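no sequence on this one, just coordinates:
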């Protein structure tokens, strides 16, 4: 009996897992909609790893994001950014849909290096508008190790 009572410990809003988020590198947010009932959102929005040099001012950067629509109507989403011009910035998400639009920010106003971020505005037209801070993702594979040799006997 005691084991059954103790099995419930650690659950609820103060448990270790109550505030965990998905293990994806980008910005994710869900928005509940009252009328019509449902939700809309964005998942794993980020800039792909561009290499050690990052994205240069004046260049372009692809946006990677997923948009979803759990409402009773098709959804128009518009993405903008003060960091540059978002090309193909408008997309339609069907009822119950999940889409990965192909969007690119052109004419970047500043360099963006790995480890830094860029802010975009995502408008779910007629529902909600939000600012999202998109990180530059880490490389998908480990970077090569430095070829530097340490003097003999001076290791850790």
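The structure has been received and is ready for your questions. What you are looking at is a predicted structure, and each value in this text was computed from that prediction instead of being measured.

can you pull out the strands in the chain?
Along the chain, counting by DSSP state E, strands occupy 27-33, 38-46, 61-70, 75-80, 85-87, 90-93, 98-99, 103-106, 117-124, 128-135.

tabulate the ones you listed in CSV, adding columns for mean neighbour count.
Heads up, the C-betas are built off the backbone N, CA and C, glycines and all. Listed next are these as CSV, based on neighbours: other CB atoms under 10 Å:
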stretch, mean neighbour count
strand 27-33, 15
strand 38-46, 19
strand 61-70, 20
strand 75-80, 19
strand 85-87, 16
strand 90-93, 17
strand 98-99, 14
strand 103-106, 18
strand 117-124, 19
strand 128-135, 16
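
tabulate those (CSV), appending distance to residue 53.
Shown next, in CSV, are those (distance: least, CB to CB, whole Å):
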stretch, distance to residue 53
strand 27-33, 23
strand 38-46, 18
strand 61-70, 12
strand 75-80, 25
strand 85-87, 22
strand 90-93, 30
strand 98-99, 31
strand 103-106, 17
strand 117-124, 16
strand 128-135, 17
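
just send these back as JSON lines, with distance to residue 54 and mean pLDDT too.
JSON lines is the format used below for these (distance: least, CB to CB, whole Å; pLDDT from 0 to 100):
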{"stretch": "strand 27-33", "distance to residue 54": "19", "mean pLDDT": "94"}
{"stretch": "strand 38-46", "distance to residue 54": "14", "mean pLDDT": "95"}
{"stretch": "strand 61-70", "distance to residue 54": "9", "mean pLDDT": "96"}
{"stretch": "strand 75-80", "distance to residue 54": "21", "mean pLDDT": "97"}
{"stretch": "strand 85-87", "distance to residue 54": "19", "mean pLDDT": "96"}
{"stretch": "strand 90-93", "distance to residue 54": "27", "mean pLDDT": "97"}
{"stretch": "strand 98-99", "distance to residue 54": "28", "mean pLDDT": "96"}
{"stretch": "strand 103-106", "distance to residue 54": "13", "mean pLDDT": "97"}
{"stretch": "strand 117-124", "distance to residue 54": "11", "mean pLDDT": "96"}
{"stretch": "strand 128-135", "distance to residue 54": "12", "mean pLDDT": "95"}
